[in-house]
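1. When you get a sec, could you give me coordinates for this:
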Amino acid sequence: MDNEKQLILENKKLSREIKRLKKDNEMLRIANEQASRTQAYIQKQHSRQLFYIAQLLRTSPYLEVLTDEKMITVMTSDAYYRYSSISREKIRQGVPVREALAEVLEPEALEKLIGKCERTLARQPVEPYFLRSTIHGEQIHWRITVSAMMMDDEVAGLNILFVDETDIVNAMEKAQAADRAKSNFVSNMSHEIRTPMNAINGMAEFILRDSRDEEARQHAAAIKSASNSLLAIINDILDFSKIENGRMEIIEAPCSLSSLINDVATMIQFRLQGRPVDLKLDIDENLPAVVYADEVRLKQVLINLLGNAVKFTSRGSITWKMSGKPLDEMRCRLFTEIRDTGIGIKEQDLDKIFSSFTQVDTKRNRTVEGTGLGLAISRRIVEMMGGKIRVESVYGEGTAFSYSIVCQVKDWSGIGHIEDKRRSFTVQPFRVTVSAKGAKALVVDDNEMNRTVTSGILRPYGIAVTAVAGGMEAIDAFMSEKYDIIFLDHMMPGMDGIETLQRIRQLPNGDNAVVVALTANVFSGAAEEYKAQGFQDFLAKPVDPQNMDEVLKKHLKPSLLQSFDTGNGLPETAGKKEKDVYRPKPAGALASSVREALAAGGISTEKGLHYCGGDWDLYKDLLYRFVQGAESRRKDLQSFFEAGDLNNYVILAHALKSASGTIGADALSELARKLEMAAKGNRIPFIVANHAEMMARYAEAEQCVASACGGSFPISEEQKTTEEEDILEFFPDKG
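-> Here you go, the predicted structure:
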């Protein structure tokens, strides 16, 4: 009985267990079905992801290579197979990336990419970069991005993306070429317009000078005024075009602040003649005497701001204030303010005045000439110099423009009282200290202008000069004549100065010849370097008369030298006829209109006349030679630039550096020097970036010289009747 009860209880337990197991089994079945559905969903999603990845790689326009952590290919975009002959199956099986991209990149470029891949695997940052390759004869510009594929915070592989940007690069190059063409067109058109305008200007000047008909003179004055206005507009448009195309450069060179202030003040006072407006100068006497700055552009800003004040001030005054503040041992901040008592500017117009081609309050100012570019150009130039122009104005009472720039200082000595300086701004000719009549000199230089300068500087000494253009001519001259001193240019085409010197030393009496190097490449230790080459001495171009005087006294035989009498600075003339004594033309005050015209082209007449020993005739001759053939030389420079002929480019840039420096065009000379050095060093990007600026400055200087000379080139000897008439012909305002 007990056993039966026990069995019943066991049976009940088993029944309950069976029910529980059935229930668990049902739950397992349901869970299994759910897992199967989840797995199927995951598999479906995985297949979808693989499908989308495959479609992405298939339809992607970019060449893309995916690798594992060992740089073995996993898959690629279909674009890859346009450039490589490797099969899809081989890529899926795995190919080292160096092999996979062997047909896409040249060996050097491929190794560069491998290096970037290795750095990416090492978790080092790698920036996208550009390179150019040639595939099947076609040149392609790639932008390449190498990025890491991460899994559980570990680098699982690489994604190497090649984007073909050939069309973009070509479009950019075309756009840049179009910009260059536009800039060249504007520059050429500016030159072509300037040429007839200068002729008009010159003819008008002739009428003003020669005509006795008052009505004709009035008409000529109107023509000249209109042509000058048109030239100013042309200059503004050309400058604006250069700024917009990034072609305007700030070329720093030593700049005398007193000379700059005098030049600009003279121009502005000339414009104010006959008007009840005073120009007041408030110039700090402690301003550094010489700073490194772009004198041409600095003058341009000052003339624009002061000229703007002249336009809008009918009575009262214009005050020009300049001061300086030392920043350290090498630099100084220059402050400038131009304040007028003119019509002023409305407050709502203050933000517009620096906009291009904009004039404010046009209803009131409709009679004022201008393109609306002057202030816009001035603002951009000041910004290029690291400064900013500010303006304050009270409508009906006046306006004040101010700006500051930082300059390196060459000479910290103060400029002194500016009015005293201005009164002393007459060119004082260098006074030679010895006579060497009877001495013979040979001048060797491939540049005619340089030969003229050196010969002209030697003229006051009474030295008989023979000038030749090259090394072989120098050797022939040396063999046929005995010279007391030889001035030999270092850099000449064909046989240069060093080779010429070596050939001369091999000739009879060549060891005893006194040979002085002429060079425009002045560097530290130049004297020792030239002496080591066999020269007795050297002179830097432009040749300074003081340095020439010292060289002659140092190297000519004492028996050839004759002291000057200390009373009048002329050679002792006992027993000599008047015609045997050289007296250079006196250098009086330079006519303001001539100074203004030359200064507009960045030419300092003070410096040019200094290099000529204050000799007007010589300076006039140099200006004539600078203009004569300038158009042909510019075409040659452009031709060599376009052809990539750096050897000939160096020679012409070197010649321009010397010629422009000699007449006082320092900024042009400095830019030519930089381009000469760049061409010697094969620095093509610098040449491309700055060549147009040099050509524009060259054309501008040429046209300003022609304009300053009133179209009077050339002048025959028959026209030169007397010294006074000759001076008046070149400087008509002196009459």
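
2. For the protein, which element, helix or strand, carries the lowest mean pLDDT?
-> helix 723-730 (a mean of 37; mean pLDDT, DSSP states H and E).

3. for the longest helix seen in the chain, packing partners?
-> In the chain, taking DSSP state H as the definition, the longest helix is helix 2-59. Counting contacts by 3 or more CB pairs under 8 Å, 6 or more residues apart in numbering; DSSP states H and E, helix 2-59 packs against strand 73-76. For every residue, glycine as well, the C-beta is placed using N, CA and C.

4. C-terminal to the strand it packs on, what's the next element?
-> helix 88-93 (DSSP states H and E).

5. Of all the residues in that next one, which ones are buried?
-> Buried residues in helix 88-93, counted by 16 or more other CB atoms under 10 Å: I91.

6. Mind giving me the packing neighbours of that helix?
-> strand 73-76.

7. quick one: average pLDDT of the strand it packs on?
-> Strand 73-76 shows a mean pLDDT of 88.

8. Buried ones in that strand, by neighbour count?
-> For strand 73-76, the neighbour count (16+ other CB under 10 Å) marks T73, V74, T76 as buried.

9. V453: which of these is nearest?
-> T76 (69.4 Å; CB to CB).

10. Quick check: the closest one touching A100?
-> Yes - between T76 and A100 there is a contact at 7.5 Å, judged by CB atoms under 8 Å.

11. who touches both of those two?
-> Residues touching both T76 and A100 (CB atoms under 8 Å, 6 or more residues apart in numbering): V65, I91.

12. Doesn't E631 lie inside a helix?
-> Yes - counting by DSSP: H, G, I helix; E, B strand; the rest coil, E631 falls inside a helix.

13. sorry, back to before: skip ahead from the longest helix of the chain and say which helix or strand is next.
-> Reading on from helix 2-59 to the C-terminus, the next helix or strand found by DSSP H and E is strand 63-68.

14. by how many degrees do that next one and helix 2-59 diverge?
-> Angle, strand 63-68 to helix 2-59, by axes from the mean of the first three to the mean of the last three CA atoms, to 10 degrees: 150 degrees.

15. hmm, who's touching strand 63-68?
-> Contacts to strand 63-68, defined as CB under 8 Å, 6+ apart, come from residues 57, 73-77, 79-80, 82-83, 94, 97, 100-101, 104, 117, 149, 156-162, 164.

16. looking at this, P493 is in a strand?
-> No - assigned with three-state DSSP, P493 falls outside any strand and is coil.

17. What number of residues are in the vicinity of it?
-> P493 is flanked by 16 other residues according to other CB atoms under 10 Å.

18. Helix or strand: which one has the closest residue to it other than its chain neighbours?
-> Leaving aside its chain neighbours, P493 sits nearest to I651 (5.5 Å; criterion: CB to CB, 6 or more residues apart in numbering). If you go by DSSP H and E, I651 is part of helix 646-663.

19. What are the buried residues along that helix?
-> In helix 646-663, counting by 16+ other CB under 10 Å, buried: 646, 648-663.

20. Quick one: list the elements packing against it.
-> Going by 3+ CB pairs under 8 Å, 6+ apart, helix 646-663 lies up against helix 448-458, helix 605-611, helix 616-627, helix 630-643, helix 666-680, helix 684-708.

21. Just the residues contacting it, thanks.
-> In contact with helix 646-663 (CB under 8 Å, 6+ apart) are residues 446-447, 449-450, 453, 491, 493, 520, 541-542, 603, 608, 611, 619, 622-623, 625-626, 633, 636-637, 640-641, 666, 668-670, 672-673, 675-676, 679-680, 682, 687, 694, 698, 701, 705.

22. got the angle between it and helix 448-458?
-> Going by the same axes, to 10 degrees, helix 646-663 makes 40 degrees with helix 448-458.

23. Helices along the stretch 401-550 of the chain, start to end?
-> 418-423, 448-458, 471-480, 497-505, 526-533, 545-555 (DSSP state H, counting those that start in this stretch).

24. Find the one among the ones you listed with the highest mean neighbour count.
-> helix 448-458 (a mean of 23; mean count of other CB atoms under 10 Å).

25. avg pLDDT for that one?
-> 83.
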